[in-house]
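# sequence isn't available, so here's the structure alone:
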């Protein structure tokens, strides 16, 4: 991805718990990217200022926001047994949730890190639609990178098409034919899948709407 992104672009990398490795943080720092990555509650920290002292590292879950705050900032920390850092550790206890989130970031402000990480949840529905709740890509058994690349391109185009059909179903009121008449509990993607199936069953014209835009940027893949 780094080879495709313009050098002057501002990038914020968001990662779940699998993306808290020190090597990844070092790479992102080297590229000049910001990051906010989740880590485990038992991840070990030690203040950089006391790195040379005989102090035992402490776990994330040994600290937490006070009763009047939902975001605890711990700047200048060394992370894990590798003692990578300094990193900014953040304990974020969102209201309405039983357990806090434990975040690592190179952003200066804890609340900015929380605001960015909040956006990560928006992509979870896309993952589900591509896998168990939609196209079942996890069952493709493809291991060759180029073949998987082509499959993902096709699946993403199909995803956009299904969302388009879902929007069409809502605008035309067709969701009442393929779902419920009193309310709609389905995502636009799921509505699109159902509408496509209904079009096949009823012999309706298949609605396809794609616009191809030429991009002359030298890094664009043609």
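Looks like it arrived, so ask away. Since the structure is predicted, the reported quantities are computational estimates derived from the model, not experimental observations. Numbers count the residues shown, from 1 in each chain.
# mind checking the SS state of the closest residue to residue 177 other than its chain neighbours?
Leaving aside its sequence neighbours, residue 177 sits nearest to residue 198 (Cβ to Cβ, 6 or more residues apart in numbering; 6.6 Å). All C-beta spots, glycine's among them, are computed from the backbone N, C-alpha and C. Recorded secondary structure, residue 198: helix (DSSP: H, G, I helix; E, B strand; the rest coil).
# beta partners for residue 87?
residue 77 (DSSP bridges).
# and it, what is it in contact with?
25, 77-79, 104-106 (Cβ atoms under 8 Å, 6 or more residues apart in numbering).
# what's the answer for residue 13, then?
So residue 13 contacts 19, 28, 33-37 (Cβ under 8 Å, 6+ apart).
# and the gap between the residue nearest to residue 177 and residue 78?
Using Cβ to Cβ, to the nearest Å, residue 198 is found at 57 Å from residue 78.
# looking at the two, which is more packed in?
residue 78 (22 against 15; other Cβ atoms under 10 Å).
# check contacts around that one.
Counting by Cβ under 8 Å, 6+ apart, residue 78 has contacts 45-48, 51, 84-87.
# same thing with residue 107?
Contacts of residue 107 (Cβ under 8 Å, 6+ apart): 12, 34, 36, 88, 113, 116.
# now do 7 Å
34, 36, 88, 113 (Cβ atoms under 7 Å, 6 or more residues apart in numbering).
# what subset of those residues is buried?
34, 36, 88, 113 (16 or more other Cβ atoms under 10 Å).
# my read: the first one touches residue 106, true?
Yes: under the criterion of Cβ atoms under 7 Å, residue 34 makes contact with residue 106 at 5.9 Å.
# just checking, which helix or strand of this structure averages the lowest pLDDT?
Least confident helix or strand of the chain, by mean pLDDT, DSSP states H and E, is helix 124-130 with a mean of 86.
# mind listing what's buried in it?
129-130.
# contacts for that helix, please.
Under the contact criterion Cβ under 7 Å, 6+ apart, helix 124-130 has outside partners 137, 155, 159, 187, 189.
# from these, which land in helices?
Among the contacts of helix 124-130, DSSP state H puts 155, 159, 189 in helices.
# pretty sure residue 59 contacts residue 44?
Yes: counting by Cβ under 7 Å, residue 59 does reach residue 44; the two are 6.1 Å apart.
# higher neighbour count, the two?
residue 44 (18 against 13).
# among the contacts of residue 78, which one lies nearest to residue 70?
residue 45 (19.5 Å; Cβ to Cβ).
# just checking: what are the partner strands of the helix or strand where that closest one lies?
Using DSSP states H and E, residue 45 falls within strand 44-47. If you go by DSSP bridges, strand 44-47 pairs up with strand 58-59 (antiparallel), strand 71-79 (antiparallel).
# in this protein, which residue is closest to the centre?
Centroid check for the chain by Cα atoms, centre = their mean gives residue 120 as the closest residue, at 3.8 Å.
# show me this structure divided up by domain.
As given by automatic domain parsing, the domain ranges for the chain are 12-121, 131-202.
# between those domains, which one is closest to residue 1.
When those are compared by Cβ to Cβ, domain 12-121 sits nearest residue 1, at 9.3 Å.
# quick one, strands of the chain?
Secondary structure of the chain by DSSP state E: the strands cover 12-15, 34-39, 44-47, 58-59, 71-79, 84-92, 101-105.
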